[in-house]
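Participant: model the following, please.
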Amino acid sequence: MGVQGLAHIAIQAKDYRATIDFYTEALEFKRGHHWSLPAFQITEACMLISPDGRTCIEVFDDQAIIPAQGRKAQSEADVAHGALLHFAFYVDDVEETYQKALSHGAKAFVEPDALSLGEPPLFVKNALVHSPNGEVIEFLESVDFDGAHVRRKAGTEFASPKP
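Facilitator: Here you go, the predicted structure:
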């Protein structure tokens with residue numbers, strides 16, 4: 001299948017700034033790429049990069065409309081359903097892994113595509129499925145959320161300049 005490891009965990013922050021501060025100050029994550037995506041009502045989103053430089057936490061603002069598992073808690077006293085929005089795996093080939101997942105009972109959610117996030121643009125190639133159990137899983141080809149990155153595959157080049 002070509003899975004290389006866990007790419008990121010996505011969370012939706014009640015207080016975006018406080019969440020960023022917690023992970024960067026208390027847990028020594030580094031703030032990586034930051035973007036907005038109006039089509040999904042995402043005002044603020046960013047990748048927080050763990051000290052190992054590879055594992056990330058993707059943080060979305062509270063109003064973002066993001067595919068998620070479960071439901072949001074109505075109050076602090078409620079059990080927090082939907083805290084996990086999706087999880088992602090780095091893969092060698094998005095199309096191949098997406099098709100293999102579908103052949104093993106996953107349901108298509110977002111077909112393989114290349115996206116441009118933010119300014120300066122960061123190009124990513126991904127796809128999403130609902131697992132047979134219902135989790136939202138993203139397949140993501142290698143990308144550098146922290147700076148310059150060039151990905152060459154089958155004659156295609158994706159580039160992201162460092163600001």
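Participant: please report phi then psi for the residue nearest to residue 30 when sequence neighbours are not counted.
Facilitator: Leaving aside its sequence neighbours, residue 30 sits nearest to residue 49 (Cβ to Cβ, 6 or more residues apart in numbering; 4.6 Å). The C-beta positions use only the backbone N, C-alpha and C, and glycine is treated the same way. The phi/psi pair for residue 49 (degrees, to the nearest 10) reads phi -100, psi 130.
Participant: try the one 10 residues further on
Facilitator: Here is the backbone geometry of residue 59 (degrees, to the nearest 10): phi -110, psi 130.
Participant: likewise the one 5 residues further on?
Facilitator: Note on residue 64: backbone dihedrals following degrees, to the nearest 10 are phi -60, psi 140.
Participant: show me what the helix ranked longest in the chain is packed against.
Facilitator: If you go by DSSP state H, the chain has its longest helix at helix 94-103. When contacts are defined as 3 or more Cβ pairs under 8 Å, 6 or more residues apart in numbering; DSSP states H and E, helix 94-103 sits against strand 107-117, strand 122-130, strand 136-141.
Participant: so what touches the shortest one?
Facilitator: This means strand 136-141. Applying Cβ atoms under 8 Å, 6 or more residues apart in numbering, the contact partners of strand 136-141 are 7, 67-69, 85-94, 97-98, 101, 106, 109, 112, 124-131, 151, 153.
Participant: no further queries at this time; thank you.
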